[in-house]
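*Asks:* Show me how the following folds:
(one chain, ligands or ions: 1)
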Amino acid sequence: MPTDNAQSQNSSIGCKFSLDPVEQILADNRVFVVIAYGNGPYVNPPIPRCVESGLVCLNQPDIKEVWYSDRPVEYGIEGDYYWARTESIILAVLQISEVSDIEFSQQIELQYKNLLEFLKSQGYPRLARVWNTMTDINQGAGDLERYKQFCKGRYQGFERAGYETQHFPAASALGSRNGKVVINAIACRTGCTHFENPQQLSAYCYPREYGPQSPSFARATFLETTDSGIVFLSGTASIIGHETQNHGDIEGQMSVMLDNLGKLTESITGALKLERQLKPDLLKVYLRNSDDLELVQQRIRGHFGSQLPVAYLHADICRADLLVEAEGICHL
Ligand code: 3EB
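*Replies:* Alright, predicted model coming up:
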């Protein structure tokens, strides 16, 4: 809805799945970016505004994730970043190959610090949503596990950039198999609102047993826009308090994960005083074992109905004892 003070409001951002060819999707100048699953020939040669997620989609191999606005986006490449932006929102993609002679946590620290400085210099200092994928996420013992090293580097990158805990964004961290570290971020000029799950300990308060530095993310983030807003639900799994529930039991993990999504959306509904219970309009479900697809699909359909668009992606999950995790987008 146009208003006279449109300049002071955020343009919109939304997400949908599409089976159309990449070129056709990108013919629309309001598309920030297309994220292609699988190992398509998408980036060689590079197509501006198209990136590979590094994850394989189990239910619809050719599906693409499309991020769009209600107005034309500008886009470009600067250093290691692909970026696309409107006047109020930026989406940045960073794809890097690791180097062997620098500790993983130090590489992540530098990447996070640089990313935050890049976003700030562009005029978009506040993160709304971050997706992280890396290879061999569960490799390494104890504190040396790569996910724990990632958490250490991410935290130190936030700290060095002067970014405060209260502004930690919604996030996901998954294990991919394309040999790269990919960090995709959505950031805004004026700020967004972050939420926690009443039955989970905030991840940034996890105790020492989970690694030298607790994970830096919020359970959900609300970004207000001209067409009212979007809620990003972080990767949500079978964790109560800080403890994994139902080790090795996919059915049990599904129950706790669905309950966590319900508790989270219920508390956001209350906090934002929404008239209707917040529900995801799109889900991405990550499965450690592709054999669990049928069971997980049945539980998701049973819970949310068969109309909800869902991509089931094959990925390692950051805690080695988690079998499944889901993240959502809610358009208000
Ligand atoms: C958890 O709740 C499960 O490190 O960015 C979910 C979402 C998880 C994001 C992250 C980790 C992250 O702790 C794992």
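
*Asks:* Every contact and neighbour count from this point should use C-alpha atoms.
*Replies:* Fine.

*Asks:* who touches stretch 266-277?
*Replies:* Here stretch 266-277 makes contact (C-alpha atoms under 8 Å, 6 or more residues apart in numbering) with 195, 197-198, 265, 278.

*Asks:* what's the most distant pair in these?
*Replies:* 198 and 278 (15.6 Å; C-alpha to C-alpha).

*Asks:* okay, the two: which has more neighbours?
*Replies:* The neighbour comparison of residue 198 against residue 278 (other C-alpha atoms under 10 Å) goes to residue 278, with 20 against 15.

*Asks:* Is the residue nearest to residue 193 when sequence neighbours are not counted in a helix, a strand, or coil?
*Replies:* Once flanking residues are discounted, residue 193 sits nearest to residue 222: 5.1 Å by C-alpha to C-alpha, 6 or more residues apart in numbering. With DSSP: H, G, I helix; E, B strand; the rest coil as the basis, residue 222 sits in strand.

*Asks:* Kindly export stretch 170-183 (C-alpha atoms) in CSV.
*Replies:* Written as CSV, here are the backbone C-alpha positions of stretch 170-183 (Å, rounded to 0.1, in the frame of the first residue of the first chain):
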residue,chain,number,x,y,z
ALA,A,170,18.2,-15.3,13.2
ALA,A,171,20.5,-17.9,11.7
SER,A,172,21.2,-21.4,10.5
ALA,A,173,24.5,-23.4,10.4
LEU,A,174,24.6,-26.5,8.2
GLY,A,175,27.2,-28.9,6.8
SER,A,176,27.4,-28.9,3.0
ARG,A,177,29.5,-31.0,0.6
ASN,A,178,30.7,-28.5,-1.9
GLY,A,179,34.0,-27.7,-0.2
LYS,A,180,33.2,-24.0,0.5
VAL,A,181,32.1,-21.8,3.3
VAL,A,182,29.0,-19.9,2.2
ILE,A,183,27.6,-17.0,4.3
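
*Asks:* Contacts for it next, please.
*Replies:* With C-alpha under 8 Å, 6+ apart as the criterion, stretch 170-183 contacts 53-55, 93-98, 128-138, 194, 217-221, 232-235, 315-318, 327.

*Asks:* in this structure, what spans have low per-residue confidence?
*Replies:* The chain contains residues with pLDDT under 70 at 1-9, 39-45.

*Asks:* One more pass at 80, please.
*Replies:* For the chain, residues meeting the criterion pLDDT under 80 lie at 1-10, 38-47, 226-227.

*Asks:* now residue 57: how far from residue 286?
*Replies:* Distance, residue 57 to residue 286, by C-alpha to C-alpha, to the nearest Å: 9 Å.

*Asks:* one step back: give me the beta-bridge partners of the residue nearest to residue 193?
*Replies:* Residue 222 forms beta bridges with residue 193, residue 231, as assigned by DSSP bridges.

*Asks:* Is it correct that it is in contact with residue 234?
*Replies:* No - in this structure, residue 222 is not within contact of residue 234 by C-alpha atoms under 8 Å, at 11.2 Å.

*Asks:* What residues does the stretch 201-332 of the chain have near the ligand?
*Replies:* By C-alpha under 6 Å from any ligand atom, the residues of the stretch 201-332 of the chain that approach the ligand are 203, 215, 217, 234-237, 318.

*Asks:* Looking at the contacts of stretch 266-277, which one is closest to the ligand?
*Replies:* Nearest to the ligand among those: residue 197, at 9.8 Å, using C-alpha to the nearest ligand atom.

*Asks:* how about stretch 28-38: buried residues?
*Replies:* Across stretch 28-38, burial judged by 16 or more other C-alpha atoms under 10 Å covers 30-38.

*Asks:* for residue 159, phi and psi?
*Replies:* Per-residue torsions, residue 159: phi -60, psi -50 (degrees, to the nearest 10).

*Asks:* And for it, the neighbour number?
*Replies:* 15.

*Asks:* which SS state does the residue of the stretch 1-150 of the chain found nearest the ligand fall under?
*Replies:* Closest to the ligand within the stretch 1-150 of the chain is residue 132: 6.9 Å, counting by C-alpha to the nearest ligand atom. With three-state DSSP as the basis, residue 132 sits in strand.

*Asks:* That one against residue 216, yeah?
*Replies:* No - counting by C-alpha under 8 Å, residue 132 stays clear of residue 216, with 11.8 Å between them.

*Asks:* Settle it for me: which of these two has more neighbours?
*Replies:* Under the criterion of other C-alpha under 10 Å, the comparison of residue 132 against residue 216 puts residue 216 first, with 23 against 18.

*Asks:* who are the neighbours in contact with the more buried one?
*Replies:* 151, 154-155, 165, 168-169, 203-204.

*Asks:* any chance you could map the helices in the stretch 151-300 of the chain?
*Replies:* With helices called from DSSP state H, counting those that start in this stretch, the stretch 151-300 of the chain shows them at 250-271, 293-304.

*Asks:* for the ones you listed, which one ends up most surrounded?
*Replies:* helix 250-271 (a mean of 18; mean count of other C-alpha atoms under 10 Å).

*Asks:* That one versus helix 293-304: what angle between them?
*Replies:* 30 degrees (axes from the mean of the first three to the mean of the last three C-alpha atoms, to 10 degrees).

*Asks:* Buried residues in stretch 142-154, which are they?
*Replies:* 143-154.

*Asks:* Quick one: these as TSV, columns for distance to the ligand too.
*Replies:* Shown next, in TSV, are the buried residues of stretch 142-154 (distance: C-alpha to the nearest ligand atom, whole Å):
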residue	distance to the ligand
143	15
144	15
145	13
146	11
147	8
148	9
149	11
150	8
151	7
152	10
153	11
154	9
